[in-house]
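Trainee: Task: produce atomic coordinates for the following.
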Amino acid sequence: MPLRWRLALVFALGTALVIAVAGFLFLRRLTAGLDASLKATLRAQADAEVARLAARGPLPPLPPPSARDPDGGLGTGAGAERVAQVLAPDGKLLAFTDGAGRRPLADDEQVRAASRNTVGFTTSVEGQEYRMLAVSASNDNKPVVVLVGSSTRLADAATTHSRNALLLGGPPATVAAGFGAYWLAGSALRPVDRMRRLLAEITEHDTGARLKTPATHDEVATLAATMNDVLDRLADALARQRGFAADAGHELRTPLTTLKAELELAGQPGRTREELAAAVAAAAQDTDRLIRLSEDLLMLSRTDEGRTVVRPEPLAPAELLAAAVRAASSRAAPRNVTVRLRADEGVRMVADPDRLRQAFDNLLDNALRYAPDGSNVEVGLTVRGAGMDARAVIEVRDHGPGFPRAFLPLAFERFRRADAARSRHGGGAGLGLAIVRSIAQAHGGSATAENAPGGGARVRLTIPLAPGATRR
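Mentor: Residues are numbered from 1 along each chain as shown. Down below sits the predicted model:
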């Protein structure tokens, strides 16, 4: 069911419930008020009759049935709306007013009860209902019972008219409230429906379209602004995804093309065994590069999805750094590049040794790539802070040309190279520093890059030492 109909139905049911409850309470209060007013009127009438009987002499005899005595032995009657009778303690009728009739309006039991206490009851006189009040009185030093009554016609009519008004006016009011809620809901949801249609028209090929934010400064305007923010983030994510896919395809194309060429050459007739072995070895190198590139892309893709997995365990980062330095030294030896390590041997931390070693290797590979022949690459491990704020700082510095100033803000982005003219085969895929930052963030740390004051580039990897700072 559409929201507009649900709101209209709920509003109509709520209105019906309010009218029913309010009408019920109103009728109760009306009935109680009329009843209280009727009782007060009867009490005043009874008191007046008791006082009048006490001041008069003996009551005159009853007139014959055919006579029309307006006084009825009690003076002028009040008409059909009010009646009165005077009864002896044995129930004999002594006097009456017009409309009261010649038959006692109270039975013997009611008369006996009225001789002791005031008695109220309801009776019918000539088809009309009367509220009666019976009280004891005295006339000519003789006990009597005075009956006074008032017609309930007006009170019943007022109650009936009020009930009919509620019954007749309630349903139309409920229907009107439902339609009003339907109209109001439609007016309120109309801007939302327009935004829905505009959102449906925005596709991946039209990521620049945005919703128009109304100048109403209400919830709809806030919703439009929020949706535009979401669209901005989605557009950025889509742009990154497209760029990532394009760069990944470009990076994969070069080794695949080389691998295909080497395999085609190996398949040509007349190749010697040595040439075939060289072609297979070159193909194996290209295959290894493809594997490394695929693993790097898979890791970065998981990082984007928030699924970077680290398996932390207690370790000594100095030992990992020493192993990485030994491996890097063997690669740097042909160029007479010396890799020097200064590490605090007592540092202990909780981290993923495989991921951490990957980050160390990437930092050293990046430094060796730009270090001049015969220069030094300096690696350091220190501790900063104390307690839960203690952090291990791994620093790798080379003495090469350093980072271009415009490249520093982009150093940790994917497929970024300091030297755009450098070949992809010699300069890598541009993923090393991006992976370093992903590993650091997976451990709750960070990575920074800068140019050293004395020349060369310096990259710092900061990892918390406290186990609580490590996250999966």
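Trainee: what are the phi and psi values for Leu94?
Mentor: phi -110, psi -30 (degrees, to the nearest 10).
Trainee: isn't it right next to Ala100, touching?
Mentor: No: Leu94 is beyond contact range of Ala100, at 11.8 Å (criterion: CB atoms under 8 Å). Every C-beta, even on glycine, is put in place using the N, C-alpha and C of the backbone.
Trainee: For the chain, which segments are assigned as helices?
Mentor: Ranges of helices within the chain are 3-55, 108-116, 153-201, 219-266, 273-304, 317-332, 353-370, 424-427, 432-442, based on DSSP state H.
Trainee: Mind putting these into TSV with mean pLDDT and mean neighbour count?
Mentor: What follows is the helices of the chain, written out as TSV (pLDDT from 0 to 100; neighbours: other CB atoms under 10 Å):
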stretch	mean pLDDT	mean neighbour count
helix 3-55	85	14
helix 108-116	86	16
helix 153-201	80	14
helix 219-266	71	14
helix 273-304	70	15
helix 317-332	89	18
helix 353-370	87	21
helix 424-427	45	13
helix 432-442	82	22
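Trainee: Those: which one's closest to Phe412?
Mentor: Using CB to CB as the measure, helix 432-442 is the one of the helices of the chain that comes nearest Phe412, at 4.3 Å.
Trainee: I figured Tyr182 hits Pro2, correct?
Mentor: No: counting by CB under 8 Å, Tyr182 does not reach Pro2; the two are 9.8 Å apart.
Trainee: circling back: in a markdown table: the helices of the chain, plus distance to Thr382.
Mentor: Shown next, in a markdown table, are the helices of the chain (distance: least, CB to CB, whole Å):
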| stretch | distance to Thr382 |
| --- | --- |
| helix 3-55 | 61 |
| helix 108-116 | 108 |
| helix 153-201 | 52 |
| helix 219-266 | 34 |
| helix 273-304 | 27 |
| helix 317-332 | 11 |
| helix 353-370 | 15 |
| helix 424-427 | 30 |
| helix 432-442 | 16 |
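Trainee: Can you say which of the ones you listed is nearest to Glu129?
Mentor: helix 153-201 (7.3 Å).
Trainee: quick check, distance from that closest one to the centre of its chain.
Mentor: 28 Å (CA atoms, centre = their mean, to the nearest Å).
Trainee: again with stretch 102-115
Mentor: 72 Å.
Trainee: do the same with stretch 112-123
Mentor: On CA atoms, centre = their mean, the centre of stretch 112-123 falls 66 Å from that of its chain.
Trainee: Check stretch 13-24 too.
Mentor: With CA atoms, centre = their mean, you get 30 Å for stretch 13-24.
Trainee: Tell me which residues are up against that stretch.
Mentor: 163, 166, 170, 173-174, 177-178 (CB atoms under 8 Å, 6 or more residues apart in numbering).
Trainee: thinking again about what came up before, who's more crowded, Leu94 and Ala100?
Mentor: Ala100 (27 against 22; other CB atoms under 10 Å).
Trainee: Val83 is in contact with the more buried one, correct?
Mentor: Yes: assessed by CB under 8 Å, Ala100 is found in contact with Val83 at 3.9 Å.
Trainee: Distance to Val347 added to the contacts of stretch 13-24, as CSV?
Mentor: Shown next, in CSV, are the contacts of stretch 13-24 (distance: CB to CB, whole Å):
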residue, distance to Val347
Arg163, 89
Leu166, 84
Gly170, 81
Ala173, 79
Thr174, 77
Ala177, 73
Gly178, 73
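Trainee: which non-adjacent residue is nearest Ala332?
Mentor: Leu368 (5.3 Å; CB to CB, 6 or more residues apart in numbering).
Trainee: wait, isn't the one you found in contact with Ser330?
Mentor: No: the criterion here is CB under 8 Å, and Leu368 misses it with Ser330 at 10.8 Å.
Trainee: now the longest strand seen in the chain: mean pLDDT?
Mentor: Ranked by number of residues, the top strand in the chain under DSSP state E is strand 128-139. Average pLDDT, strand 128-139: 86.
Trainee: ok, and for that strand, which residues are buried?
Mentor: 130-137, 139 (16 or more other CB atoms under 10 Å).
Trainee: Just flag the most distant two among the residues you listed.
Mentor: Arg131 and Asn139 (23.9 Å).
Trainee: what about the strands in the stretch 351-472 of the chain?
Mentor: Assigned by DSSP state E, counting those that start in this stretch, the strands in the stretch 351-472 of the chain fall at 376-384, 391-397, 446-451, 457-464.
Trainee: Out of those strands, flag the one nearest Val436.
Mentor: strand 446-451 (5.2 Å).
Trainee: now for the closest one, which elements pack on it?
Mentor: helix 432-442, strand 457-464 (3 or more CB pairs under 8 Å, 6 or more residues apart in numbering; DSSP states H and E).
Trainee: repeat that for 10 Å
Mentor: helix 353-370, strand 391-397, helix 432-442, strand 457-464 (3 or more CB pairs under 10 Å, 6 or more residues apart in numbering; DSSP states H and E).
Trainee: Out of the ones you listed, which is closest to Glu345?
Mentor: Nearest of the helices and strands packed on strand 446-451 (CB to CB): strand 391-397, 12.5 Å.
Trainee: The closest one - which strands sit beside it in the sheet, and in what orientation?
Mentor: Here strand 391-397 has these sheet partners by DSSP bridges: strand 376-384 (antiparallel), strand 457-464 (antiparallel).
Trainee: Please identify the deepest-packed of those strands.
Mentor: strand 457-464 (a mean of 22; mean count of other CB atoms under 10 Å).
Trainee: Find me the pLDDT at Gln268, would you?
Mentor: pLDDT at Gln268 comes out at 74.
Trainee: from what I can see Pro143 touches Pro89, true?
Mentor: Yes: the pair Pro143 / Pro89 is scored as a contact, 5.6 Å apart, by CB atoms under 10 Å.
Trainee: quick one: common contacting residues for the two?
Mentor: 115, 136 (CB atoms under 10 Å, 6 or more residues apart in numbering).
Trainee: Comparing these two, which shows the higher neighbour count?
Mentor: Just comparing Pro143 and Pro89: by other CB under 10 Å the higher neighbour count belongs to Pro89, 15 against 11.
Trainee: The residue nearest to Ala332 and Asn362: what is the separation?
Mentor: 11 Å (CB to CB, to the nearest Å).
Trainee: what about the closest residue to Glu81 other than its chain neighbours, how many residues close to it?
Mentor: Leaving out its chain neighbours, the residue that sits closest to Glu81 by CB to CB, 6+ apart is Ser151, at 4.9 Å. The tally of other residues near Ser151 (other CB under 10 Å) stands at 20.
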